[in-house]
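In: Give me coordinates for this.
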Amino acid sequence: MGRSLRVGDVLRYAASKDTGPATVDGFDNFYFVTDSPGQKRALLEAGINAMAKVKAGHGMRRPAVMIRSSPWKAGSEQTPWHDVFDVDNGHVRYFGDHKPETAKPVGTTTGNAALLEAFGSHQAPTVEGRAGAAPLLLFRSVSKNGKAKGHVQFCGVALIERAERVVQWGGPARSTFTNYVFDLVVIDLTAEDDKLDWDWITARRDPDWTDAEVLKLAPAAWQEWVKHGYSVLPKVRRRVARSQVVKVRDQKPTPGSSLEADLQAVYKRFDNDKHAFEVLAAVVAAKVMRASGHKYNEGWLTRRSGDGGADFVGRLDLGSGLAGTKLVVLGQAKCIKPDSLVSAEQIARVVARLRRGWIGVYVTTGSYSEPAQLEMVEDQYPVVLINGQDLIKELYEIAGKDHGGDLMACVDALLRSRSLEVFNRRPEEILLD
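Out: Prediction:
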């Protein structure tokens, strides 16, 4: 069928509940997208909507639990608590359906019972136990065209990481009561272009499909979790920052290419002359900084004994006069084997030296690990990363203009003409130059 839900998309949830047409009032029709032929319609009438179980093999399988949060109700007399939807960081904190007036024991309401059951399967110690676990499909009510109702936003696929009892207050009498709150892990759908293929849910609703068969249609991150369990939650958790992370393989030249050979040549040239590599790194950093159209002033190299996370100092000038400012640039140069990785801890050395209004630049002949990049993006570190492949590409441009494409002749010429002085000055002194 090819119907899918993309994270962030808004769907029309009309009162008519018709499965056609495909769009209603300019929005995808929720009932059309979630239609499973021969099955009852998927509904979001309550906060927690558990699909009916099917008998699959020797056990029962719940196809999915659909969660709906209504932000416009948060803070009201009936719902004084607030669900937390931090989808970009893969975290949702969702309150169960026990209410002040509920007479049933805590955990036995329809919604809480379904989520606690799902939690049990999400904590299963075996692959077989996790294979049939019910995914949570997350939706959030949104206002469109001045109406608080009638539209929902798809927020992703999740599993329950933690469930705990909490004491809340609510109702006309402002009385306290006990409820459950669930911490959910929203899984990464990068491999599926941030989409959930509804065929997976349709297959889960079919008793003729085994757990192993439907698992083949599941998102890659879900399959990874089923295979390895709790230990891989950090890896499969959704992180929007990952879209800015460059895979290690994409930072490296194509094996056997001239770019790879030249990177190896540059590495060997400076492997035993780290100080000279700092000069080259400073030159390349200056070229990258100037590419943005701003004025960049090369400063000096730092003394080795006072490195502490900075090998060279520069200054980036933005604007002019009263409409301008000057930024200190601290540079780190690392000549390492081209197949080596720069870690988060190594980048942190530069970050630790930065003051407000300063930026860093890290130049290496290697690559940057994905965890290092992710940490940098999530923590919003103001550091420019130049890997070995990009280093060579920048040198190619210089060599092509001034040295007939001879890379090593270009490198030697740069070292002769741009030998920066070594000072034991404080970085902020460059603002006075």
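
In: Show me the shaky parts of the stretch 51-200 of the chain.
Out: 72-81, 170-174 (pLDDT under 70).

In: the strands in it, which residues?
Out: Remark: strands assigned in the stretch 51-200 of the chain by DSSP state E, counting those that start in this stretch are 54-56, 59-61, 65-69, 84-86, 91-95, 136-141, 151-170, 175-186, 195-197.

In: Tell me the buried residues in the second one?
Out: When you say that, I think you mean strand 59-61. Arg61 (16 or more other C-beta atoms under 10 Å). Bear in mind the C-beta positions are built from the backbone N, C-alpha and C, glycine included.

In: Distance to Ala220 added to the strands of the stretch 51-200 of the chain, as TSV?
Out: Below are the strands of the stretch 51-200 of the chain laid out as TSV (distance: least, C-beta to C-beta, whole Å):
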stretch	distance to Ala220
strand 54-56	22
strand 59-61	21
strand 65-69	21
strand 84-86	22
strand 91-95	20
strand 136-141	17
strand 151-170	11
strand 175-186	15
strand 195-197	11
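
In: quick one: which of those strands is nearest Thr108?
Out: Nearest of the strands of the stretch 51-200 of the chain to Thr108, taken as C-beta to C-beta: strand 175-186 at 10.7 Å.

In: what are the ranges of the helices in the stretch 301-433 of the chain?
Out: Here the stretch 301-433 of the chain has its helices, by DSSP state H, counting those that start in this stretch, at 344-353, 370-378, 388-402, 407-417.

In: got the angle between the first one and helix 370-378?
Out: Looking back up the chat, that one is helix 344-353. 30 degrees (axes from the mean of the first three to the mean of the last three C-alpha atoms, to 10 degrees).

In: Give me the contact list for helix 344-353.
Out: 308-310, 330, 332, 334, 360, 362, 368-369, 371-372, 375-376, 381, 383, 385, 427 (C-beta atoms under 8 Å, 6 or more residues apart in numbering).

In: Let's see which of those end up in strands.
Out: Those of these mapping onto strands are 330, 332, 334, 360, 362, 368, 383, 385, per DSSP state E.

In: Tell me what Leu341 is bridged to.
Out: Ser367 (DSSP bridges).

In: To clarify, my last question referred to Val157.
Out: Beta-bridge partners, per DSSP bridges, of Val157: Leu137.

In: Give the full set of residues in contact with it.
Out: Residues near Val157 by C-beta under 8 Å, 6+ apart: 135-138, 186-187, 189, 196, 219, 222.

In: Turn those into JSON lines, including neighbour count.
Out: Shown next, in JSON lines, are those (neighbours: other C-beta atoms under 10 Å):
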{"residue": "Pro135", "neighbour count": "24"}
{"residue": "Leu136", "neighbour count": "27"}
{"residue": "Leu137", "neighbour count": "25"}
{"residue": "Leu138", "neighbour count": "25"}
{"residue": "Val186", "neighbour count": "26"}
{"residue": "Ile187", "neighbour count": "25"}
{"residue": "Leu189", "neighbour count": "22"}
{"residue": "Leu196", "neighbour count": "24"}
{"residue": "Pro219", "neighbour count": "22"}
{"residue": "Trp222", "neighbour count": "23"}
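
In: Using a markdown table, please lay out those residues together with distance to Met51.
Out: Putting the contacts of Val157 into a markdown table (distance: C-beta to C-beta, whole Å) gives the following:
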| residue | distance to Met51 |
| --- | --- |
| Pro135 | 10 |
| Leu136 | 11 |
| Leu137 | 9 |
| Leu138 | 14 |
| Val186 | 19 |
| Ile187 | 19 |
| Leu189 | 20 |
| Leu196 | 15 |
| Pro219 | 18 |
| Trp222 | 16 |
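
In: Which stretches in the stretch 1-150 of the chain count as helices?
Out: Along the stretch 1-150 of the chain, counting by DSSP H, counting those that start in this stretch, helices occupy 30-33, 110-122, 127-131.

In: To Gly57, which of these lies closest?
Out: The closest of the helices of the stretch 1-150 of the chain to Gly57 is helix 127-131. By C-beta to C-beta, the value is 10.4 Å.

In: Just the CA atoms of the closest one, as PDB, please.
Out: Coordinates of each C-alpha in helix 127-131 appear next as PDB, following Å, rounded to 0.1, in the frame of the first residue of the first chain:
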ATOM      1  CA  VAL A 127      14.700 -11.600  21.700                       C
ATOM      2  CA  GLU A 128      11.500 -13.700  21.500                       C
ATOM      3  CA  GLY A 129       9.900 -11.700  24.300                       C
ATOM      4  CA  ARG A 130      10.700  -8.400  22.600                       C
ATOM      5  CA  ALA A 131       9.800  -9.500  19.100                       C
END
